[in-house]
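1. got a predicted structure plus its sequence, pasted below:
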There are 2 protein chains.
Amino acid sequence: MEHRLVIIGGGFGGLYAAQSLKNAALEVTLIDRRNFHLFQPLLYQVATGWLSPANIASTLRAVLKRQKNARVLLGEAIDIDVNKRQVMLANGRVDYDTLIVATGSRHHYFGNDHWEALAPGLKTIEDATEMRRRIFLAFEAAEREADPMRVRALLTFIIVGGGPTGVELAGALGEIARDTLINDFRSIDPADARILLIEAADRTLTTYPAELSKKAEKFLSRVGVSVRANTIVTAIEHDAVITKRGKSVERIPCHTVLWAAGVRASFLGEILSEKTGAKLDRSGRVLVEPDLSLLNHPEIFVIGDLANYRQPTGQPLPGLAPVAMQEGEYVARLLRNRLDGKTTAPFRYKDRGNMAIVGRGSAVAYIGRVQLAGFGAWLAWLFVHIVNLIEFENKILVLVQWAWYYFRRNRAARLITGDTYTRQ
Amino acid sequence: MEHRLVIIGGGFGGLYAAQSLKNAALEVTLIDRRNFHLFQPLLYQVATGWLSPANIASTLRAVLKRQKNARVLLGEAIDIDVNKRQVMLANGRVDYDTLIVATGSRHHYFGNDHWEALAPGLKTIEDATEMRRRIFLAFEAAEREADPMRVRALLTFIIVGGGPTGVELAGALGEIARDTLINDFRSIDPADARILLIEAADRTLTTYPAELSKKAEKFLSRVGVSVRANTIVTAIEHDAVITKRGKSVERIPCHTVLWAAGVRASFLGEILSEKTGAKLDRSGRVLVEPDLSLLNHPEIFVIGDLANYRQPTGQPLPGLAPVAMQEGEYVARLLRNRLDGKTTAPFRYKDRGNMAIVGRGSAVAYIGRVQLAGFGAWLAWLFVHIVNLIEFENKILVLVQWAWYYFRRNRAARLITGDTYTRQ
């Protein structure tokens, strides 16, 4: 019987591992709760009515259709028996010889779980359509409202967290208010919208060089986004957010809060820790060995956002798509070597740079020591994302919609689905 | 003060009426529960994973952006006061001088409302993504199932109703099973799927010439669809459908039932009947005067699927997009004439023909006395639908996806959203 590899999670880590094992003498089973791989870096574009969900989702079965040694199982892993080497699913169980756990992370509210209903995060397609619903419903409700104070609250948008997702959401919201919705309303002027980006650190994009943060904030201010650095959120209420900056506390009347702050690793990390003694970091990520396996469990690997892989600097690798992809490819190479009886050097992340879009025609990026800001960075961003997007059809559909937006500033996918009865 | 026209419903009737009044000396208020116009004829393509919801939805505000005399109100009409001339919304009220009611219809289960949960119909975006979810989950569940009897039930799809929607759904399901999903699964062969199209009359497409029905049924049988004419559904259960043909009763084990049979007009018809004495037909449609107004209420018009307009033949006009469009345009012309003090001849529907798609590269159509079946009809279908689709960007996106499907037989929008934990 062939060696059975089970991969839990069809994100960048899991899918790249599976694909890199094409034609290997392994039986690969990829388990995911969803029937598609989600291209997370573009999720904020779904949340802001630019792209459709299907444009950034690729059916896992379609992607692995021609890979004879791979099968896909739609199921939710709820437990792992490391002694019997079995993954327990909500609807069955699967035996493994080698296991890769790549179930990523969810947004996290630092002990304020009740904030979730008031300030949705952005991890799934459903999260994105919920954000989209709230953003566009706020303008609709403002159009109908007579009381100017309430109009102001309805047109106040607060984004919590100034990392790449927060910056991208804020920039997109600024352009929605200033460009996309121009002339759409009769009672309000969407350009009156206040967009506040709240960040606990002293600047946005803390993982980027300080100069790029400055440039990003300049771009943001041009589309009406106010960055509030050194500020924390102490409470989120139905119609207001309370912030604290040093000793000054402010209550900001506001109806739409978007969460782009904390994430917490998948609960499978805790299960692995319990069963194998693996250590977890504060965010619930599993501390892995230099080859991404678990101590005393060379048959279990943890990759992607669920893994804490300490770099030589002592810092863990960030939760980014390129990290997960490289980790998936590394484990695939290691497994091929094992089949051939060869050893593999420890994992090393090749940092090819990083980039965040700030708005139409502008982005910030660093590639090694080269820093880019503005149109060039934006073109680089487009190129990298189109190249990495899975499925050729999606590349075309996304390009058409980007081009359309660039020239016409229209976001065609701004339909409000789900509950549209806007009782505030 | 200008004459206030209120239109309830932004479907084909309401939207075409509003657009046809561009630059008229009227203040137009278009009220809809949703923030978009839905291109219903392509909804089955969303239900079968071909197009994305946004591709067939156009934001009403975007469409009417440049029409200075029009405003859009997101709201749900719950009552009409015909004496005070007010429309009551869930969140406010709006005064009118003239009212157009164009709120369409919903699917209807002929007194078996509990069937709705088991056999969803196809009227809204949410209906379509729910159908999509059920169709693709059925294959997923079958892939995991060991019991061959249950696999057979999971791979049995029953479509109730052999009108255009039923035929289009059945044809698409046949192609999904035979083409799109080929090589996707490892335990099942999707081509084993049984697709049954159940129709109470003696043939499908009863509003089409008999010859075209025959041709459509031939196309359907080629992709594995069995048409069961003269058959009615007497019960829908969790895992089976009971049908009756003459005296023979059959219990068909089946997990996925799609409803394309009855529709019932919007409840605003009943309200109008109560308040004005207007008569309703068996489907709840309002019987209208030759100018589409209500008897003794020349200021109230009913158009689209909610209206029963008797043709000279005695038959009411069918619930089709072209009927609603022409009715909307007619009322707009009548209102312009009224402003000018002129009268308008009664409404006459110009039947430019009708067409239904049966599958990839084949459709049936009649245009006057000309009947078309096959590739030519399919090209005509594509052309008519692309031309009528609102918003240029959507035309491009839909064309790209149609072309892709034609050449690659791939349906990229088959993501399963909502509840994906497939407990059967």
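-> Cool, got the structure.

2. what is the neighbour count of A:Leu334?
-> 22 (other CB atoms under 10 Å in any protein chain shown). No exception for glycine: its C-beta is placed from N, CA and C like everyone else's.

3. ok, the residue of the stretch 301-424 of chain A found nearest chain B - how many residues close by?
-> Closest to chain B within the stretch 301-424 of chain A is A:Ala413: 3.7 Å, counting by CB to the nearest CB. Using other CB under 10 Å, the number of residues around A:Ala413 comes to 26.

4. list the contacts of it.
-> A:Val46, A:Gly49, A:Trp50, A:Leu51, A:Ser52, A:Arg132, A:Gln401, B:Ser52, B:Ala54 (CB atoms under 8 Å, 6 or more residues apart in numbering or on different chains).

5. measure it to A:Ile390 for me?
-> 19 Å (CB to CB, to the nearest Å).

6. before we move on, what about A:Gln45?
-> A:Gln45 is 16 Å from A:Ile390, by CB to CB.

7. would you tell me which residues of the stretch 251-400 of chain A are close to chain B?
-> The stretch 251-400 of chain A comes close to chain B at residues A:Glu391, A:Glu393, A:Asn394, A:Ile396, A:Leu397, A:Val400, as judged by CB under 8 Å from any CB of the partner chain.

8. apply 10 Å and report the result again.
-> Within the stretch 251-400 of chain A, the positions near chain B by CB under 10 Å from any CB of the partner chain are A:Glu391, A:Phe392, A:Glu393, A:Asn394, A:Ile396, A:Leu397, A:Leu399, A:Val400.

9. ignoring the adjacent residues along the chain, who's closest to the first one?
-> Counting by CB to CB, 6 or more residues apart in numbering or on different chains, A:Ser58 is the residue found nearest to A:Glu391 once chain neighbours are left out, at 4.8 Å.

10. secondary structure element for the one you found, which one?
-> With secondary structure defined by DSSP states H and E, A:Ser58 is part of strand A:57-59.

11. which residues of chain A fall in helices?
-> Here chain A has its helices, by DSSP state H, at A:12-20, A:43-47, A:60-63, A:125-144, A:148-154, A:164-175, A:210-222, A:268-276, A:321-339, A:375-388, A:392-408.

12. out of those helices, nearest to B:Glu299?
-> Closest approach to B:Glu299 among those (CB to CB): helix A:125-144, 24.6 Å.

13. show me what counts as buried in that closest one.
-> The neighbour-count check on helix A:125-144 (16 or more other CB atoms under 10 Å in any protein chain shown) flags A:125, A:127-144 as buried.

14. please name the residues that touch the residue lying closest to A:Ala261 once chain neighbours are set aside.
-> Nearest residue to A:Ala261, sequence neighbours excluded (CB to CB, 6+ apart): A:Gly161, at 3.5 Å. A:Gly161 makes contacts with A:107, A:121, A:167, A:169-170, A:197-200, A:204, A:233, A:258-263, as judged by CB atoms under 10 Å, 6 or more residues apart in numbering or on different chains.

15. now swap in A:Thr313 and tell me
-> So A:Thr313 contacts nothing (CB under 10 Å, 6+ apart).

16. A:Tyr349 versus that one, what's the distance?
-> According to CB to CB, A:Thr313 stands 11 Å off from A:Tyr349.

17. ok, A:Val72 next?
-> 28 Å.

18. next one: A:Glu130
-> Here A:Glu130 is placed at a distance of 33 Å from A:Tyr349 (CB to CB).

19. cool, A:Glu237 as well?
-> From A:Glu237 to A:Tyr349 the distance is 41 Å (CB to CB).

20. and which of the contacts of A:Ala413 is nearest B:Glu211?
-> Relative to B:Glu211, the closest of the contacts of A:Ala413 is B:Ser52; by CB to CB it sits at 35.6 Å.

21. contact partners for the residue nearest to the closest one when sequence neighbours are not counted?
-> Using CB to CB, 6+ apart and skipping residues adjacent in sequence, the residue nearest B:Ser52 is A:Ser52, 3.6 Å away. Residues in contact with A:Ser52 (CB under 10 Å, 6+ apart) are A:45-46, A:125, A:129, A:394, A:397-398, A:401, A:412-413, A:415, B:51-55, B:57, B:397, B:413, B:415.

22. kindly report the same for A:Ser248.
-> Contacts of A:Ser248 (CB under 10 Å, 6+ apart): A:Thr231.

23. again with A:Ala321
-> Counting by CB under 10 Å, 6+ apart, A:Ala321 has contacts A:Gly11, A:Phe12, A:Gly13, A:Tyr16, A:Phe39, A:Gln40, A:Pro41, A:Gly304, A:Asp305, A:His385, A:Asn388.

24. switch the cut-off to 7 Å
-> A:Ala321 is in contact with A:Phe12, A:Gln40, A:Pro41, counting by CB atoms under 7 Å, 6 or more residues apart in numbering or on different chains.

25. the helices of chain A: which one's closest to A:Thr98?
-> Among the helices of chain A, the nearest to A:Thr98 by CB to CB is helix A:321-339 (6.5 Å).

26. list the buried residues of that closest one.
-> For helix A:321-339, the neighbour count (16+ other CB under 10 Å) marks A:321-336, A:338 as buried.

27. now it - C-alpha only, PDB.
-> Taking C-alpha atoms only, helix A:321-339 is exported to PDB below (Å, rounded to 0.1, in the frame of the first residue of the first chain):
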ATOM      1  CA  ALA A 321       0.600  33.800   1.700                       C
ATOM      2  CA  PRO A 322       4.200  33.500   0.400                       C
ATOM      3  CA  VAL A 323       5.300  32.000   3.700                       C
ATOM      4  CA  ALA A 324       2.600  29.400   3.600                       C
ATOM      5  CA  MET A 325       3.300  28.600  -0.100                       C
ATOM      6  CA  GLN A 326       7.000  28.200   0.600                       C
ATOM      7  CA  GLU A 327       6.300  26.000   3.600                       C
ATOM      8  CA  GLY A 328       4.000  23.800   1.600                       C
ATOM      9  CA  GLU A 329       6.500  23.400  -1.100                       C
ATOM     10  CA  TYR A 330       9.300  22.700   1.400                       C
ATOM     11  CA  VAL A 331       7.400  19.900   3.100                       C
ATOM     12  CA  ALA A 332       6.500  18.400  -0.300                       C
ATOM     13  CA  ARG A 333      10.300  18.400  -1.100                       C
ATOM     14  CA  LEU A 334      11.100  16.900   2.200                       C
ATOM     15  CA  LEU A 335       8.600  14.100   1.800                       C
ATOM     16  CA  ARG A 336       9.900  13.300  -1.700                       C
ATOM     17  CA  ASN A 337      13.400  13.100  -0.200                       C
ATOM     18  CA  ARG A 338      12.200  10.800   2.600                       C
ATOM     19  CA  LEU A 339      10.800   8.400   0.000                       C
END
